[in-house]
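*Asks:* Just to be clear, the model below is a prediction. Sequence and coordinates:
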Amino acid sequence: MTNHAAFAAEDAVTAVAAQAQPGRHFASFPPRRARDCRKASLGRMDLATSAVVMAGSLLDSMKASSPRHAMSPTGADQEEWIENHPSALEWFEGVLAAAEGKQIVMFLDYDGTLSPIVEDPDRAVMTEEMREAVRGVAQHFPTAIVSGRCRDKVFNFVKLEELYYAGSHGMDIKGPTKVSNHKAKADEVLCQPATKFLPVIQKVYKTLTAKMESIPGAMVENNKFCLSVHFRCVEEAEWDALGREVKAVLDVYEDLEITEGRKVLEIRPTIEWHKGKALLFLLECLGFAGRGDVFPIYIGDDRTDEDAFEVLRNMGQGIGILVTKFPKETSASYSLREPAEVKEFLHKLVKSNETKKG
Ligand SMILES: O=P(O)(O)OC[C@H]1O[C@H](O[C@H]2O[C@H](CO)[C@@H](O)[C@H](O)[C@H]2O)[C@H](O)[C@@H](O)[C@@H]1O
């Protein structure tokens, strides 16, 4: 864990203390079935986990997502931050050296990583050039999309059948629809640890949708195993009211909790499952668990991605890359500034692998 100062920036990330799993060993392929992964997720999520919004601090957390300090080359704090989290493009050779002789496995968040952040969540499309970059990477390395969106929705944005998809913050994992050289049966749902929460999530979706009608600009997105209450288009003066409404609705559901993303409150079951667990599960599915010659690369921009960065840090394998223009408290070891740089990084990886193969 880095110990540099926290910065008030657009989507400031708070300190992470997700549960570590050092030296965890896995069975190899074939993948575990959904029932097994439900068992693995039993129990309440540790409240120290990064994204959980603590009682009383909701408005403060929401306000912390206002842009203030873009990274400038002149600020000493920014310089220190970039020294601790160097650009994965500028230090590309270092990344390659660390991955030398190992199997790269690629994990990609969607919003803010493959697509730019936009006001309307339904319009967060990814460019054809980015799709080509992801397609290229998937031809060389097993690749998964890990998103807070529901799986179908993120698939409809990405539209690549050869990838693994972990939707609803990893609570809904499916193998490739089109199987290439990676070990997987086509079109298989691999893990859904939160199915028993579906009825309550749908009930809360209806309640919150009705409540949010009185707040101009507020929007509730149904992500199947979790919900997103968007406030990007809500006047700041209304955020307190919005936060209180959401908290009041959630107060009677002890099985659900509020976590926070970029101008969004996320409602999810309090199970011990997150993007980091999804990463470990996918490594197991791919037959790479417990192997020292695997090099997972996880690229993400949001608080919920911190759980995956933390898992990699604790494994001591692979790297986390945070996409940000702002210094943030993070467990990622590298950074990229925006989706355009993510695309360039993916292209460079492909090119270097092609060169290596001759
Ligand atoms: O894990 P992710 O794939 O990064 O999903 C996290 C949330 O992303 C989306 O919301 C964010 O992007 C929107 C479109 O750019 C933006 O309008 C919103 O303010 C951002 O928070 C998605 O709509 C949410 O459901 C996801 O939870």
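*Replies:* That came through, no problem.
*Asks:* and the protein, which of its residues are near the ligand?
*Replies:* 109-112, 117-119, 121, 124, 147-149, 221, 223, 228, 230, 232, 261-264, 266, 302, 304 (CB under 6 Å from any ligand atom). (Glycine included, C-beta is placed from N, CA and C.)
*Asks:* Helices - which of the residues you listed land there?
*Replies:* Under the assignment DSSP state H, these contribute nothing to helices.
*Asks:* just the buried members of those residues?
*Replies:* 109-112, 117, 121, 124, 147-149, 221, 223, 228, 230, 232, 261-264, 266, 302, 304 (16 or more other CB atoms under 10 Å).
*Asks:* quick one: contacts of the lengthiest helix in the chain?
*Replies:* When the chain is parsed with DSSP H, its longest helix is helix 339-357. With CB atoms under 8 Å, 6 or more residues apart in numbering as the test, helix 339-357 has contacts from 87-89, 92, 96, 104, 106, 108, 112-116, 126, 129-130, 133-134, 136-137, 139-141, 299, 321, 323, 336.
*Asks:* Stretch 123-134 too?
*Replies:* 108, 110-111, 114-118, 143, 157-160, 163, 339, 342-343, 346-347, 350.
*Asks:* make it 7 Å
*Replies:* If you take CB atoms under 7 Å, 6 or more residues apart in numbering as the criterion, stretch 123-134 is touched by 108, 111, 114-115, 118, 143, 157-160, 339, 343, 346-347.
*Asks:* Any chance of JSON lines for the residues you listed, columns distance to Ala237 and pLDDT?
*Replies:* What follows is the contacts of stretch 123-134, written out as JSON lines (distance: CB to CB, whole Å; pLDDT from 0 to 100):
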{"residue": "Leu108", "distance to Ala237": "36", "pLDDT": "98"}
{"residue": "Asp111", "distance to Ala237": "26", "pLDDT": "98"}
{"residue": "Leu114", "distance to Ala237": "33", "pLDDT": "98"}
{"residue": "Ser115", "distance to Ala237": "29", "pLDDT": "98"}
{"residue": "Val118", "distance to Ala237": "23", "pLDDT": "97"}
{"residue": "Thr143", "distance to Ala237": "43", "pLDDT": "97"}
{"residue": "Phe157", "distance to Ala237": "32", "pLDDT": "98"}
{"residue": "Val158", "distance to Ala237": "36", "pLDDT": "98"}
{"residue": "Lys159", "distance to Ala237": "39", "pLDDT": "97"}
{"residue": "Leu160", "distance to Ala237": "42", "pLDDT": "97"}
{"residue": "Pro339", "distance to Ala237": "31", "pLDDT": "98"}
{"residue": "Lys343", "distance to Ala237": "37", "pLDDT": "98"}
{"residue": "Leu346", "distance to Ala237": "41", "pLDDT": "98"}
{"residue": "His347", "distance to Ala237": "44", "pLDDT": "98"}
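*Asks:* Mind jotting down where the helices sit in the stretch 151-300 of the chain?
*Replies:* Per DSSP state H, counting those that start in this stretch, the stretch 151-300 of the chain carries helices over the ranges 151-158, 198-212, 239-250, 275-285.
*Asks:* Show the average pLDDT along the second one.
*Replies:* The reference is to helix 198-212. Averaged over helix 198-212, pLDDT sits at 97.
*Asks:* what's the nearest residue to the most centrally placed residue in the chain if we skip its chain neighbours?
*Replies:* Nearest to the geometric centre of the chain sits Asp305, at 3.6 Å (CA atoms, centre = their mean). Closest residue in space to Asp305, ignoring its immediate chain neighbours: Asp109 at 5.4 Å, by CB to CB, 6 or more residues apart in numbering.
*Asks:* residues in contact with that neighbour?
*Replies:* Contacts of Asp109 (CB under 7 Å, 6+ apart): Val146, Ser147, Ile299, Gly300, Asp301, Asp302, Asp305.
*Asks:* Ala98 and Leu108, how far apart?
*Replies:* 19 Å (CB to CB, to the nearest Å).
*Asks:* Mind checking which of those two has more residues around it?
*Replies:* Using other CB atoms under 10 Å, the more surrounded residue of Ala98 and Leu108 is Leu108, with 24 against 15.
*Asks:* Test my guess that the more buried one contacts Ile145.
*Replies:* Yes. Leu108 lies in contact with Ile145 (CB atoms under 7 Å); the separation is 5.5 Å.
*Asks:* Residue ranges in the stretch 101-250 of the chain under the pLDDT threshold?
*Replies:* Applying pLDDT under 70 to the stretch 101-250 of the chain flags the ranges 179-186.
*Asks:* Now do the strands in the protein.
*Replies:* For the chain, the strands defined by DSSP state E occupy 103-108, 143-146, 164-167, 172-174, 189-191, 219-222, 227-230, 256-261, 264-269, 294-300, 319-323, 334-336.
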